[in-house]
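Any chance you could fold what I've pasted below:
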Amino acid sequence: MAHLDGDHWVVDAIGAPHVGDRTEEDLISAFVEKIAELRPQLITYAGHSFDLPVLRYRAMIHGIAAPGLASRSYFHRYTSDALDLCDELSSFSFGAKVKLDELSKALGFPGKPTAMDGSEVETYFREGRIKEIAEYCESDVLNTYRIWLRYELFCGRLSKTGYEASENSISDFIAAHSSTKPHLVPAA
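Below is the predicted model of the structure:
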């Protein structure tokens, strides 16, 4: 989670609670309750083609009421209620889409700190490697956040000074949490 502090963004937390911590039903229920409470803009990377459909299907499988997800146009592809950076940056063109890790590195960010990629999540899950999946997801959150900051700068909604302060804030957050989240620390 992040909040606006004057002209820049400050990260309060990066986390990926997982089925090792709670059941899938509990995780989804807590997530949709928080969305109902906050009604935030959701920022994703490829969220319209993966994350949001999976969330909806899994909530329906568990019989979870999720009216908060209907309180904004989260499932409508061409709104900013759920901004899918992959779609937005590619102008919704399949041929112009790039992977999150590739774009992160092209923009000068560290990208994913592990050799794991999304195609391996199911295998890791079956092998009980839940903590590694959570760390992979947290690195995706960090990369998505940094790309979003750069996009906000590009659009003029964030000044150069605000962008730099936001980047300094996330760097400070990573440094302060390096002992508990070493997977977020860029390789030297």
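
Could I get the full set of strands for this protein?
For the chain, strands defined by DSSP state E occupy the ranges 2-5, 8-11, 42-44, 82-84.

which helices and strands does the first one pack with?
Contacting strand 2-5 under the criterion 3 or more CB pairs under 8 Å, 6 or more residues apart in numbering; DSSP states H and E are the following elements: strand 8-11. Using the backbone N, CA and C atoms, a C-beta is placed for each residue, glycine as well.

same thing with the second one?
Using 3+ CB pairs under 8 Å, 6+ apart as the contact test, the elements touching strand 8-11 are strand 2-5, helix 160-176.

Neighbouring strands - and their directions - for that strand?
strand 2-5 (antiparallel) (DSSP bridges).

what's the burial count for residue 176?
A total of 10 residues lie near residue 176 under the criterion other CB atoms under 10 Å.

Now the terminal residues of stretch 101-116, how far apart.
Stretch 101-116 stretches 11 Å from its first residue to its last (CA to CA, to the nearest Å).

what do you get for stretch 64-81?
21 Å.

just to revisit the earlier point, deepest of the strands of the chain, which one?
Ranked by mean neighbour count, the strands of the chain are led by strand 82-84 with a mean of 21 (mean count of other CB atoms under 10 Å).

Quick one: neighbours of residue 62, just the number.
Count around residue 62 with other CB under 10 Å applied: 15.

I figured it hits residue 26, correct?
No: counting by CB atoms under 8 Å, residue 62 stays clear of residue 26, with 9.5 Å between them.

circling back to that earlier point, reformat the helices and strands packed on strand 8-11 into CSV and put mean pLDDT and distance to residue 74 next to each item.
Below are the helices and strands packed on strand 8-11 laid out as CSV (pLDDT from 0 to 100; distance: least, CB to CB, whole Å):
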stretch, mean pLDDT, distance to residue 74
strand 2-5, 80, 18
helix 160-176, 96, 24
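
Can you lay out the ones you listed as JSON lines showing distance to residue 184?
Converted to JSON lines, these look like this (distance: least, CB to CB, whole Å):
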{"stretch": "strand 2-5", "distance to residue 184": "15"}
{"stretch": "helix 160-176", "distance to residue 184": "5"}
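
Would you tell me which one of the ones you listed is buried the most?
helix 160-176 (a mean of 15).

And that helix, what does it pack against?
strand 8-11, helix 130-155.

From residue 31, how far off is the residue sitting furthest away from the middle of the chain?
Distance from the C-alpha centroid of the chain, by CA atoms, centre = their mean, peaks at residue 63 (24.8 Å). For residue 63, the distance to residue 31 (CB to CB, to the nearest Å) stands at 15 Å.
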